[in-house]
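Engineer: Only the shape, not the letters, is given here:
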């Protein structure tokens, strides 16, 4: 038996610390260095890989936690997080491509003086292909890029719809729909697109074959697709915002905005909230699970013509343009006044769009102006425009749409005579992630990403203003037994639910009948003295007990019983009526207003 | 002078160089490039938890052949496939797990039930029965239905276990006897001085092979050493134990399956309290066996369920049940820790997977990586209400569910009553007793 114990003592359980006496470190290192000849001979020619090298450990901040297991787990988590952070910095080296830029040297030089011709000269051969002019007749055009920036969909007001790969110049489909087309958007990738036509929303596939006619979206004006939730959102002239799940085909919900025809629409890429701009100058923020706007603000003194949310800052800033000739930049966390606002020159509706790296394009009159960070976000009291980064005149009015190409330095402007795309150096994100959006993905990768996106589809009821809500700490439960400890301010150990008395348990679980307590309290008698319940019972005249009251007294279970509640309500009503009658009798009939119907009253 | 550069992606870095090459992928770890990363990961975790339940088909096969309830199962040491089962009708069957056929059939091995089985060196099997005989069988090529030798005893035997290395074995009847395979009479009798019990089970320690543990009908658990030839320790508990098993990896840990619906692990260095209580069964636990890894163990109960526990986690084990499985009287792990065998009153030996959603067959490296990723996701999101609920919930037969509900109510009521009693006695007179300290009544040496 003793030998068994000795064996077991040698094998400590994993959790327990083994007590090892540490010899002096200097002596030890000398000893080992002398002892381990192999190590000595090898160490000259070897180096530890960087991934194995010692990474910084987070300082333990969980000393106050008594539970050993929890403390260990938390320490492990923080260490892992800090290590991951350190590794993330290393990963920046792998980002290969460089963002574009325009830099001026002299103090008097300005970037906005640089024209497209000069930029084209400075651009490489590949990049120069982004400067295009598409001369099309079909009315003012709107355009939309896919998420990877490779494919472009255009829709002319009079019904010319086309989708194409602009890099190679291959046309996927071209349709003459011969009715009003107000908006176009790709669905999850280039294989499907939706068009807001005169009466309904139609979905076409890549070859232009009509797949669906969404008859529940009536007279749509604007479309948005939420890629991670697979939701197609549309607003129509009747002011309804409708969400259609494109993976299941169900109409998820429809919200009545009650603010007339929305004049503009945008989505926040980082929390999937839909922003609507209305004709009365209001901007409303919508989520599928709220029947009313999550935020509503009066932004402009006229219709809101365009909206855009900054994707470069986690969806923190929103820009809006109104027909009152102002452009405003808003902080989405604090709606108390715009961060910055300025007036634009020239007539026509102002259109704006934010690029991936935070360049804001504003079209007004016959020009497209581009502003850059950080000056757009900086609060400024005077109503002056931020320093201009780039400007480009467009002769074909009106300009109906501006859209940046993702992962490219390209801005596409839709106007009456077709589309023109210009180069805006520094607007596009240089490094894409193939798991999210890859301009160079092949057919197989597209298919695989489609399946993965379907598997990772987020449920629409998880759309909230704060995207970090998921996976954060749960709010404290409402049903708590710790009321007494909170009141006293001491850390009294919480009584478990099962050990509370019955009344307390009912109260905690929200089933206690609170309405009963009203009659239980002390009442004032005729002389103005307070009389307790027992006293009242004793002094009560016998024989006058109402059957209902007796029933209630006997039913006293302290549980909300619908029957008892109804009876109590009825008794209250009777009492009130009695009081009213008494008052009426005191004051007499005069107090009543003479009515035209009095003539039909019978004489008493 | 103005410096202008426009972003352009070099096609040669993003397109395959030769036809047939894989398209290069690029990564950008900026969190802004990955919106809804957390929500998407949660969706994946939920899907992983659901898939786990979807593929949870633990039942592999049922080995038939006995005409009465199965009493005992034994695994051949050093073999992945051979197990022996003994039944109440006196029959012994040797099964091959991979081919699922019977290697040896001994239909009339004993009169009355076969109460103990164990394997000896060199393809031999020892069995004992209530007919007061121990029989040694050959199960190799020269297998026959006549035993190699018979060891007659004085009283009915309840259990048998073989020494790990020597040609010795121990039997349990009204006392523990040590036998030599070559001698027809026991070489020594072991008993605790004051005991008058019936020993129900006896097991040799795996590491220190001369140490022996037994459990008896008078609620005791006794430790012997065959070198000194006497009982070393004895523990009297609240309820009797039905089965015991030594941990294969930690030499002093022993597992007891108790009549009070719980399992207990004891460190035999501290016999005053169990090191862990395992609570989930709703009736007496009839059998238990460790996984060869020592990280898990299986238990079968009177409540017709088989449960697979993680060592050190005293609640929410994996539960297996079928409509036709009756009281589980014996359960063992397979030698590769992937399967669990149970014998029940309905006369079938059932094979279950140790992990319900495990895939049998060849698993490719990609598949393995995906499985590991799903496991880590489940672990990471187990605190999420929905994910945790899917991962935790197990369907139980109605009778078991009702019994567990009733048990919970009774325990709650008991606890509340005790609480109230304490409240109304003089302060400090009756202190609450920890659950672990209630188990052992007395420790004797």
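Structural biologist: Structure received. Just so it is clear, the structure is predicted and the values come from calculations on it, not from any experiment. Numbers count the residues shown, from 1 in each chain, chains lettered A, B, ... in the order given.

Engineer: Torsion angles phi and psi at the residue in chain A that chain B sits nearest to?
Structural biologist: Here the residue of chain A nearest chain B is residue A:122; by CB to the nearest CB that distance is 3.1 Å. Heads up, the C-betas are built off the backbone N, CA and C, glycines and all. Main-chain dihedrals, residue A:122, degrees, to the nearest 10: phi -80, psi -20.

Engineer: ranges for the helices of the stretch 51-200 of chain A?
Structural biologist: If DSSP state H, counting those that start in this stretch is used as the criterion, the helices of the stretch 51-200 of chain A fall at A:68-91, A:116-122, A:125-128.

Engineer: near chain A at all, the longest helix that chain B contains?
Structural biologist: In chain B, assigned by DSSP state H, the helix with the most residues is helix B:398-423. Yes: using CB under 8 Å from any CB of the partner chain, helix B:398-423 comes into contact with chain A via B:412, B:415, B:416, B:419.

Engineer: for that helix, which positions count as buried?
Structural biologist: For helix B:398-423, a neighbour-count test (16 or more other CB atoms under 10 Å in any protein chain shown) marks B:400, B:403, B:404 as buried.

Engineer: for the following helix or strand past that helix, packing partners?
Structural biologist: Using DSSP states H and E, the helix or strand that follows helix B:398-423 in sequence is strand B:440-444. If you count contacts as 3 or more CB pairs under 8 Å, 6 or more residues apart in numbering or on different chains; DSSP states H and E, strand B:440-444 packs onto strand B:230-237.

Engineer: Now do the helix or strand just after the strand it packs on: which elements does it pack against?
Structural biologist: Going down the chain from strand B:230-237, the next helix or strand is strand B:241-246, by DSSP H and E. Contact analysis of strand B:241-246 by 3+ CB pairs under 8 Å, 6+ apart lists strand B:199-204, strand B:211-216, strand B:253-258, strand B:285-290 as its packing neighbours.

Engineer: which residues make contact with strand B:241-246 from outside it?
Structural biologist: Where contact means CB atoms under 8 Å, 6 or more residues apart in numbering or on different chains, the residues beyond strand B:241-246 that reach it are B:200-201, B:203-206, B:213-215, B:219, B:221, B:253-259, B:284-290, B:297.

Engineer: That one: how far from the chain's middle?
Structural biologist: 11 Å (CA atoms, centre = their mean, to the nearest Å).

Engineer: okay, the angle between that strand and strand B:285-290?
Structural biologist: Strand B:241-246 runs at 0 degrees relative to strand B:285-290, counting by axes from the mean of the first three to the mean of the last three CA atoms, to 10 degrees.

Engineer: check the contacts of strand B:241-246 against chain A, which are close?
Structural biologist: Taking CB under 8 Å from any CB as the test, chain A is in contact with residue B:205 out of the contacts of strand B:241-246.

Engineer: CSV please, covering the buried residues of helix B:398-423 and showing pLDDT and distance to residue B:228.
Structural biologist: Shown next, in CSV, are those (pLDDT from 0 to 100; distance: CB to CB, whole Å):
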residue, pLDDT, distance to residue B:228
B:400, 96, 45
B:403, 96, 45
B:404, 95, 45
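
Engineer: Would you mark the buried spots in stretch A:360-368?
Structural biologist: Those would be A:360, A:361, A:362, A:363, A:364, A:365, A:366, A:368, for stretch A:360-368 by 16+ other CB under 10 Å.

Engineer: and the third one, what is it in contact with?
Structural biologist: Looking back up the chat, that one is residue A:362. A:319, A:321, A:327, A:344, A:350, A:351, A:352, A:368, A:369, A:370, A:371, A:402.

Engineer: quick one: average confidence on the helix or strand hosting it?
Structural biologist: Element membership for residue A:362 (DSSP H and E) is strand A:360-364. For strand A:360-364, the mean pLDDT works out to 94.

Engineer: strand partners of whatever helix or strand comes next after it, parallel vs antiparallel please.
Structural biologist: Per DSSP H and E, the first helix or strand lying C-terminal to strand A:360-364 is strand A:367-371. Neighbouring strands of strand A:367-371 in its sheet, by DSSP bridges, are strand A:360-364 (antiparallel), strand A:388-393 (antiparallel).

Engineer: how much space between the closest residue to residue A:155 other than its chain neighbours and residue A:234?
Structural biologist: In space, and not counting its chain neighbours, residue A:155 is closest to residue A:184: 3.8 Å by CB to CB, 6 or more residues apart in numbering or on different chains. Plainly put, residue A:184 is 12 Å away from residue A:234 if you go by CB to CB, to the nearest Å.

Engineer: okay, and the common contacts of the two?
Structural biologist: With CB under 8 Å, 6+ apart, residue A:184 and residue A:234 have common neighbours A:196, A:223.

Engineer: between the two, who's got more neighbours?
Structural biologist: Neighbour comparison, residue A:184 and residue A:234: the larger count goes to residue A:234, with 30 against 24 (by other CB atoms under 10 Å in any protein chain shown).

Engineer: Which secondary structure element is home to the more buried one?
Structural biologist: When secondary structure is defined by DSSP H and E, residue A:234 falls within strand A:231-236.

Engineer: circling back to that earlier point, doesn't residue B:4 make contact with the residue of chain A closest to chain B?
Structural biologist: Yes: using CB atoms under 8 Å, residue A:122 is in contact with residue B:4, at 3.1 Å.

Engineer: Contact residues of the stretch 301-445 of chain B facing chain A?
Structural biologist: So the stretch 301-445 of chain B meets chain A at B:381, B:384, B:412, B:415, B:416, B:419 (CB under 8 Å from any CB).

Engineer: The fifth one contacts residue A:499, doesn't it?
Structural biologist: Okay, so that is residue B:416. Yes: contact criterion CB under 8 Å: residue B:416 and residue A:499 qualify, at 6.1 Å.

Engineer: ok, the residue nearest to residue A:155 - contacts?
Structural biologist: The contact partners of residue A:184, taken as CB under 8 Å, 6+ apart, are A:142, A:143, A:144, A:153, A:154, A:155, A:161, A:193, A:194, A:195, A:196, A:223.

Engineer: which residues sit against stretch B:31-45?
Structural biologist: Taking CB under 8 Å, 6+ apart as the rule, stretch B:31-45 contacts A:228, A:269-270, A:272, A:311-314, A:429, A:432-433, A:436, A:455-459, A:462, A:467-468, A:470-471, B:374, B:377-378, B:380-381, B:384, B:387.

Engineer: Can I have the buried ones of these as a PyMOL selection?
Structural biologist: The PyMOL selection below is limited to those of these classed as buried (16+ other CB under 10 Å):
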select buried, (chain A and resi 228+269+270+272+311+312+313+314+429+432+433+436+456+457+458+462+467+470) or (chain B and resi 374+377+378+381+384+387)
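
Engineer: Does anything pack onto the longest helix along chain A? Which helices or strands?
Structural biologist: Assignment by DSSP H gives helix A:562-587 as the longest helix of chain A. Applying 3+ CB pairs under 8 Å, 6+ apart, we find helix A:562-587 packed against helix A:515-520, helix A:547-554.

Engineer: and residue A:277, what is it in contact with?
Structural biologist: A:262-265, A:283, A:299, A:303-307, A:320, A:322.

Engineer: Tell me which strands the host helix or strand of it pairs with, and in which orientation.
Structural biologist: Under the criterion of DSSP H and E, residue A:277 resides in strand A:274-278. Paired strands of strand A:274-278, with direction, are strand A:262-267 (antiparallel), strand A:282-286 (antiparallel) (DSSP bridges).

Engineer: can you give me the angle it makes with strand A:231-236?
Structural biologist: 10 degrees.

Engineer: pLDDT averaged over strand A:274-278, what's the number?
Structural biologist: The average pLDDT within strand A:274-278 is 96.

Engineer: Likewise for stretch A:180-200?
Structural biologist: Here the average pLDDT along stretch A:180-200 is 95.

Engineer: Which residues belonging to that stretch are considered buried?
Structural biologist: Residues of stretch A:180-200 classed as buried: A:180-197, A:200 (neighbour count, 16+ other CB under 10 Å).

Engineer: From those, which land in strands?
Structural biologist: Residues of the buried residues of stretch A:180-200 located in strands (DSSP state E): A:183, A:184, A:185, A:186, A:192, A:193, A:194, A:195, A:196.
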